[in-house]
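1. I would like to see how this sequence folds:
(chains A and B)
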Number of protein chains: 2
Amino acid sequence: MERPDGWELRGRPPALFRRFEFGSYSETRAFLDALAALSEEVGVHPQNINFGTTYANITLEAADGEELGSGEYALAARINALRGPAVS
Amino acid sequence: MERPDGWELRGRPPALFRRFEFGSYSETRAFLDALAALSEEVGVHPQNINFGTTYANITLEAADGEELGSGEYALAARINALRGPAVS
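-> Predicted coordinates for the structure are as follows:
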């Protein structure tokens, strides 16, 4: 399974991590709102989101606590699509 | 100036910090949405918010980077009012 652009592997438990950067608070906010809507749609939310004025760091842990699967990779890819291609 | 319930002092730069815990993701989400609306209203947003399924950790840094003032204390009190009394 291919890791979506910009996501790093971290463990343990295994997780995907990506930092997104934005030009303004309103862009950050729009991204977070879209992410909340996506989470609701898929019924899965990131294990942790850490954000400030112009960034959001997202951690997606393995749902079973042991191994990342197609669910996490698919969600990461959909989160990328909210934002567009990797920057920085 | 009195520190609002549940907020710790942290430095440097000086900041107010509080952890809020919730019974479910939907409560966490409702709190974060209310906080975003409050930030928009007052034109100030927390320097950092770190959240997961059932918690949100909030850091309010001193606006001038040097000393906490009435702005930060008032915002902390208004954030408390979104949530109700301190729960730990």
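
2. wait, doesn't A:Pro68 sit right on A:Leu16?
-> One thing to correct before we go on: residue A:68 is Leu, not Pro. Yes - using C-beta atoms under 8 Å, A:Leu68 makes contact with A:Leu16 at a distance of 6.5 Å. C-betas here are computed from N, CA, C, even on glycine.

3. what touches both of those two?
-> By C-beta atoms under 8 Å, 6 or more residues apart in numbering or on different chains, A:Leu68 and A:Leu16 have these common neighbours: A:Leu9.

4. next up, the contacts around A:Met1.
-> A:Gly69, A:Ser70, A:Tyr73.

5. for chain B, state which of these is nearest.
-> Sorting the contacts of A:Met1 by distance to chain B puts A:Gly69 at the head of the list, at 19.0 Å, by C-beta to the nearest C-beta.

6. and A:Ala56, what are its bridge partners?
-> Beta bridges link A:Ala56 to A:Phe20, A:Phe51, judged by DSSP bridges.

7. report how many residues lie close to it.
-> Using other C-beta atoms under 10 Å in any protein chain shown, A:Ala56 has 22 other residues around it.
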